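below are the sequence and a predicted model; questions follow.
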Amino acid sequence: MPQADPAPHTSLRRSSDFLESAQAAGGFGVFDLDLVTGNITGTPYFFELIDQFGRDPLTREQWVATIHPEDFEAVVLALGAAIDSEAKYQCEYRTLLQSGQVRWLASRGEILKDPEGHPSRAIGTITDVTERKELEEKLRYATESLNIAQTAAGLATFDFNFRRNSRICSDNFHTLLGIPPWTKLDDLNLLMSRVHPDDAERSRNAPLEATPDEPSYRCEYRVMLDGGGERWIAEKATVSWGPSGEMTRIT
């Protein structure tokens, strides 16, 4: 006759420990907000992320106090919109640590209803995204610095990737060519509309003169500015080619 598990609670404890370890390893904590009482329960890693050890449950007021004042409105609006529409929500905000530092968190969740169909709980996860936010800030600063330097030097950059159907340029690209900022980069005719008629053919053919052996080209042409003025442009670029000899990219 098979014997019953002498300690079923041991298996449950192991499952709970495994879940907590998995959440910590994955960098996310789980919370459950009671919309009626305002109390918040969660996994240990949830309370660790918001630096509120030993406060389980956490009151709504205690949780609100951990949100950075500049992000408070966005968090409340995101949660309120989810409750009103009974939909999922997501937001990113800074939480205030007791050390005075901040930690960026990404929160995702959904609203659950009670048996009568009223919103009763918000359950979800929070994830530490501080490293990503810091990297984004560094990239934003580097991009701004590069744009300032390019503008000061009268230099603009572009990257037209035909294989990926991607066309990007520096912020001052349109200004340098004297074209409206809303001009689409995939509209060649509109891009060429400001090139002086005497230089248009040379400008169009310049990339076609590049070869796999000599992938770079240089071309000088005039663009016509609003008000009747002209500006000389020196364009230097490198052309990439596909296996069948097709042009795949100009940078």
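Perfect, I can see it now.

let me see the ranges of the helices in the stretch 151-251 of the chain.
Ranges of helices in the stretch 151-251 of the chain, per DSSP state H, counting those that start in this stretch, are 173-177, 188-192, 197-205.

any idea which of those has the lowest pLDDT on average?
Set side by side, those give their lowest mean pLDDT on helix 188-192, at a mean of 81.

flag every buried residue along that helix.
Buried residues in helix 188-192, defined by neighbour count with 16 or more other Cβ atoms under 10 Å: Leu191, Met192. Where C-beta positions appear, they are placed from N, C-alpha and C, glycine not excepted.

tell me which strands and helices it is in contact with?
Counting by 3 or more Cβ pairs under 8 Å, 6 or more residues apart in numbering; DSSP states H and E, the packing neighbours recorded for helix 188-192 are helix 197-205.

how about the helix it packs on: buried residues?
With burial defined by 16+ other Cβ under 10 Å, the residues of helix 197-205 counted as buried are Asp199, Ser203.

any idea how far it is from the middle of the chain?
Between the mean C-alpha location of helix 197-205 and the chain-wide mean there is a distance of 39 Å, by Cα atoms, centre = their mean, to the nearest Å.

please enumerate residues in contact with it?
Taking Cβ atoms under 8 Å, 6 or more residues apart in numbering as the criterion, the residues outside helix 197-205 that touch it are Met192, Val195, Cys219, Glu220, Tyr221, Arg222, Glu235.

now, of these, which are buried?
If you count burial by 16+ other Cβ under 10 Å, the buried members of those come out as Met192, Val195, Cys219, Tyr221, Arg222, Glu235.

who are the packing partners of the helix or strand hosting Glu131?
Applying DSSP states H and E as the criterion places Glu131 in helix 130-153. When contacts are defined as 3+ Cβ pairs under 8 Å, 6+ apart, helix 130-153 packs onto strand 102-113.

all strands for the chain, in order.
With DSSP state E as the definition, the chain shows strands at residue ranges 28-34, 40-42, 89-96, 102-113, 119-128, 158-161, 166-169, 216-224, 230-241, 247-250.

could you dump those to TSV with mean pLDDT and distance to Leu185?
Converted to TSV, those look like this (pLDDT from 0 to 100; distance: least, Cβ to Cβ, whole Å):
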stretch	mean pLDDT	distance to Leu185
strand 28-34	89	38
strand 40-42	90	47
strand 89-96	91	30
strand 102-113	91	32
strand 119-128	90	35
strand 158-161	88	7
strand 166-169	86	4
strand 216-224	91	16
strand 230-241	90	14
strand 247-250	89	11
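
just the pLDDT for the residue positioned nearest the centre of the chain.
What sits nearest the mean C-alpha location of the chain, by Cα atoms, centre = their mean, is Glu136, with 8.0 Å. Reading off the confidence values, Glu136 has pLDDT 87.

just to revisit the earlier point, okay, the angle between the helix holding Glu131 and strand 102-113?
Taking axes from the mean of the first three to the mean of the last three Cα atoms, to 10 degrees, one finds that helix 130-153 is oriented at 120 degrees with respect to strand 102-113.

what comes up buried for helix 130-153?
Buried residues in helix 130-153, counted by 16+ other Cβ under 10 Å: Lys133, Gln150.

from the chain's centre, how far out does it sit?
Taking the mean C-alpha point of helix 130-153 and that of its whole chain, the gap between them comes to 14 Å (Cα atoms, centre = their mean).

how about the contacts made by the residue nearest to Glu230 when sequence neighbours are not counted?
Counting by Cβ to Cβ, 6 or more residues apart in numbering, the nearest residue to Glu230 once its immediate chain neighbours are dropped is Arg222, at 4.8 Å. By Cβ under 8 Å, 6+ apart, the residues touching Arg222 are Val195, His196, Asp198, Asp199, Glu230, Arg231, Trp232, Ile233.

I appreciate the help and will end here.
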